[in-house]
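*Asks:* Requesting a structural model of the entry that follows:
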Amino acid sequence: MNTEVAGFSNFLLAVRLVAISSPLFLVLSIRNLSGSDAVGLFKLILIGSSVAVVVGLVLHILGVQIQDTQQQLWLGAGYGSVLRAGGIVGNSGEYGQVCALLSLLLLGAPLAGVKLNWWVALFGHSLAVLGIIFSSSRTSILMLLVGFLIFVAFQPKYYYKMLLAFVAVFFVIAVTIYSVGFDNLPLDIKNSMYRLDFFNISGQGQFADSVRLDTWSTIVELPYLSSVFGFGYKSFESYAGYFIDNSFLLAWVESGILGFFLFSAFWVATAVRFTLRSAMGRPWAILGMGVSMAFIARMMTGGAHAGWSAGPLFFMAIGLAWKMDFKSRSLGVDKTEHPVPNPAR
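*Replies:* Okay, here's the model as predicted:
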């Protein structure tokens, strides 16, 4: 690799990352953010995510593709060219992230003090799940599982009934699909189900079948990772011909040891702080923990930090949770400002 181009390329990378993460800093910079203002911002993120999911579904139903890669449904050698939902940017992975975020926000709404109609929330979840299926994004399923299980872990009295409901729904869907038979499903649904078949119900599940692990093992053995400042934005992609599906390894290659340390330190600090505050029962911290850990899970399996469509929404949600949790601490609040409602009532 030519290290001489790294300077300007890293500048472009920095500009891109600052632009994508700017919602986080904009929210943190708001002075005197009241509880009602926070609810309004939360609803804004919820509406933005909902619109993005609906637009993606409409484009998919109409057969509109933004990028040619939406036709690639690779499973080893690939099942063939099947159109995948990619949203407004034509990226199936990013569209799946937005769908996962919508579902997590609907689940986490009580933590933000937002009251949603039960039917509205159920309809939103249905749209999000359809979006994930049509995008065939495996990491979106992982994100949803990570975020939801964190909600269950820190607020079991409220979320355990939801967990039982999700298990029941999953069982019904699994039995239905098994009864119908995978081969009798429409082609796009069948191929997506093969990719999302976490428990290998079909016998041909490809949830864990990915070239990512081989790519990562190859990358970590390369000597140029010892570079302090890295080799610049998209340097490895242009050099090797394939993409590094891991935000942390990507930061290491593109911005060097220094960039990797700063990038990792931010996310470790975020996770640690939200974890400590969540253990104290802080609702905004639990919400931030679920969303941020879901995003970290996605970054472990893709370049989520540099995505234009999903990244800003995630950063805004994380920034809002961070801001409101900071506010409760500065006011010396020891109890939740909006206790999570008891579903037994």
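*Asks:* residues near Val268, how many?
*Replies:* 11 (other Cβ atoms under 10 Å). All C-beta spots, glycine's among them, are computed from the backbone N, C-alpha and C.
*Asks:* secondary structure element for it?
*Replies:* Under the criterion of DSSP states H and E, Val268 resides in helix 247-278.
*Asks:* Check which helices and strands that helix is in contact with.
*Replies:* helix 6-28, helix 212-220, helix 235-240, helix 283-299, helix 311-330 (3 or more Cβ pairs under 8 Å, 6 or more residues apart in numbering; DSSP states H and E).
*Asks:* Report the angle between the fourth one and helix 247-278.
*Replies:* Think helix 283-299. In terms of direction (axes from the mean of the first three to the mean of the last three Cα atoms, to 10 degrees), helix 283-299 departs from helix 247-278 by 160 degrees.
*Asks:* any idea of the mean pLDDT in helix 283-299?
*Replies:* Helix 283-299 carries an average pLDDT of 93.
*Asks:* any low-confidence regions in the stretch 201-345 of the chain?
*Replies:* 201-228, 234-243, 304, 328-345 (pLDDT under 70).
*Asks:* try it again with 50
*Replies:* Along the stretch 201-345 of the chain, segments meeting pLDDT under 50 span 330-337, 342-345.
*Asks:* wait, Phe314 sits on Leu101?
*Replies:* Yes - using Cβ atoms under 8 Å, Phe314 is in contact with Leu101, at 6.1 Å.
*Asks:* now the helix holding Val268 against helix 6-28, angle please.
*Replies:* Going by the same axes, to 10 degrees, helix 247-278 makes 20 degrees with helix 6-28.
*Asks:* Helix 247-278 to helix 311-330, inter-axis angle?
*Replies:* Using the same axes, to 10 degrees, helix 247-278 lies at 30 degrees relative to helix 311-330.
*Asks:* what do Phe314 and Leu101 both touch?
*Replies:* Shared contacts of Phe314 and Leu101, defined by Cβ atoms under 8 Å, 6 or more residues apart in numbering, are found at Val291.
*Asks:* in stretch 16-25, what's buried?
*Replies:* By neighbour count with 16 or more other Cβ atoms under 10 Å, stretch 16-25 contains the buried residues 17, 20-21, 23-24.
*Asks:* contact partners of that stretch?
*Replies:* Applying Cβ under 8 Å, 6+ apart, the set of residues contacting stretch 16-25 is 233, 305-308, 311-313, 315-316, 318-319, 322.
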